[in-house]
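Enquirer: pasting the sequence and the predicted model now:
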Amino acid sequence: MNILKIIALALCIGITPLALASGHEEETPSVDEAMGMDTAEKEVGYYELKPDITTNLSTTPKSKRLHYVRIKLAIMVSDETQIPKIEEKEALIRDIVVSAIGSKDYMAAKAANFREQIREEIRTRISMALFDKEKDTIIEDVLILNYMYQ
């Protein structure tokens, strides 16, 4: 193998030519280490709201029937050690979900993009409420595990 190919291969895998000549690999710090950040990996966590949330949709003067939505949610946190904070605030989270969905009417709930819109609205509302209480961004996302309207 040609020496240029060996050097190119060594550079691709992170070995400098000087380290190649000396026979020792050079340790390169990770981005987190170089910036002085903690390298302990945080495990993403999920908290599933149980039982499912069932709530009425708002009614319009034309509508004679009551309609409802049943939704199953999970809250995604960037660090699973944050799950107890989510558990403590479950009543607040449920209230946010019920008020967000309850303010929508049946026509909105059956729209194709409603699921994504309500997920984003719920995520934003929960994030703001928890930030007000905890002074920290706790949640990463809200996942809709099941969604049914009638």
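Expert: Thanks, I have the structure now.

Enquirer: break the chain down into its structural domains.
Expert: Taking automatic domain parsing as the criterion, the chain consists of the domains 3-34, 45-149.

Enquirer: a markdown table for those, including mean pLDDT and mean neighbour count?
Expert: C-beta here means a position set from N, CA and C on the backbone, and glycine is covered the same way. Putting the domains of the chain into a markdown table (pLDDT from 0 to 100; neighbours: other C-beta atoms under 10 Å) gives the following:
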| stretch | mean pLDDT | mean neighbour count |
| --- | --- | --- |
| domain 3-34 | 55 | 11 |
| domain 45-149 | 89 | 15 |
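
Enquirer: please enumerate the helices of this structure.
Expert: When assigned using DSSP state H, the helices of the chain occupy the ranges 3-12, 17-22, 31-34, 83-88, 90-102, 106-109, 114-134.

Enquirer: show me what the fourth one is packed against.
Expert: With contacts defined as 3 or more C-beta pairs under 8 Å, 6 or more residues apart in numbering; DSSP states H and E, helix 83-88 has these neighbours: strand 45-48, strand 68-77.

Enquirer: send the alpha carbons of it over as PDB?
Expert: Coordinates of the C-alpha atoms in helix 83-88 are reproduced here as PDB (Å, rounded to 0.1, in the frame of the first residue of the first chain):
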ATOM      1  CA  ILE A  83     -39.900  12.200  35.500                       C
ATOM      2  CA  PRO A  84     -40.700  12.800  39.200                       C
ATOM      3  CA  LYS A  85     -41.300  16.500  38.400                       C
ATOM      4  CA  ILE A  86     -43.700  15.500  35.600                       C
ATOM      5  CA  GLU A  87     -45.500  13.100  38.000                       C
ATOM      6  CA  GLU A  88     -45.900  15.900  40.600                       C
END
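
Enquirer: centre of the chain to that helix, how far?
Expert: Put simply, helix 83-88 sits 15 Å off its chain's centre (C-alpha atoms, centre = their mean, to the nearest Å).
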